[in-house]
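K.L.:
Compute the structure for the input listed below.
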Amino acid sequence: MCAWRGKSLISRPPAPGHLYFTLKDEQSQLKCVMWRSDAERLRFRPSEGDGVVARGRLGVYEATGVYQLYATHLAPSAGGFGHRL
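P.N.:
From the prediction side, this is the model:
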């Protein structure tokens, strides 16, 4: 389990309940997905540019070979960005 902090960039409209977003800081970005079963437990929905902390597991999306965070928790953040917690 790992956690990342960054600005939320909404990548595309949610598929049936799933959230697709990117965490971004000044130098890097990390694609993220949150499945519907986890998204239904969220107490807030991130908007474009919101500072957030996302926790989950890092994996590879095999179709493109790109690393992404499979997020299980998402919370607002007021701190710095882009650091693994």
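K.L.:
how about stretch 66-77: buried residues?
P.N.:
Across stretch 66-77, burial judged by 16 or more other C-beta atoms under 10 Å covers 68-69, 71-72, 74, 77. For every residue, glycine as well, the C-beta is placed using N, CA and C.
K.L.:
Widest-spaced pair of these?
P.N.:
Taking C-beta to C-beta, the two most distant members of the buried residues of stretch 66-77 are 68 and 77; they sit 19.1 Å apart.
K.L.:
which SSE is the residue nearest the centre of the chain in?
P.N.:
Central residue check for the chain by C-alpha atoms, centre = their mean: the C-alpha nearest the mean position is that of residue 32, 4.1 Å away. Using DSSP states H and E, residue 32 sits within strand 29-34.
K.L.:
partner strands of that strand, parallel or antiparallel?
P.N.:
Listed by DSSP bridges, the sheet partners of strand 29-34 and their directions read strand 19-24 (antiparallel), strand 66-76 (parallel).
K.L.:
Least reliable of these by average pLDDT, please.
P.N.:
Set side by side, the strands paired with strand 29-34 give their lowest mean pLDDT on strand 19-24, at a mean of 90.
K.L.:
Work out the gap between that one and the centre of the chain.
P.N.:
When C-alpha coordinates are averaged (C-alpha atoms, centre = their mean, to the nearest Å), strand 19-24 and its chain have centres 4 Å apart.
K.L.:
How about stretch 54-64?
P.N.:
Centroid separation for stretch 54-64 versus its chain: 10 Å, with C-alpha atoms, centre = their mean.
K.L.:
pLDDT on it, on average?
P.N.:
Within the predicted structure, the mean pLDDT of stretch 54-64 is 94.
K.L.:
got a list of what residue 42 touches?
P.N.:
Contacts here follow C-beta atoms under 8 Å, 6 or more residues apart in numbering; on that basis residue 42 touches 34, 74.
K.L.:
isn't there a helix covering it?
P.N.:
No: with DSSP: H, G, I helix; E, B strand; the rest coil as the criterion, residue 42 is located in coil rather than a helix.
K.L.:
mind checking how far the residue of the chain positioned farthest from its centre is from residue 38?
P.N.:
Going by C-alpha atoms, centre = their mean, the residue of the chain most distant from its centre is residue 63, 18.9 Å out. Residue 63 sits 21 Å away from residue 38 when distances are taken as C-beta to C-beta, to the nearest Å.
K.L.:
Fine by me, thanks again.
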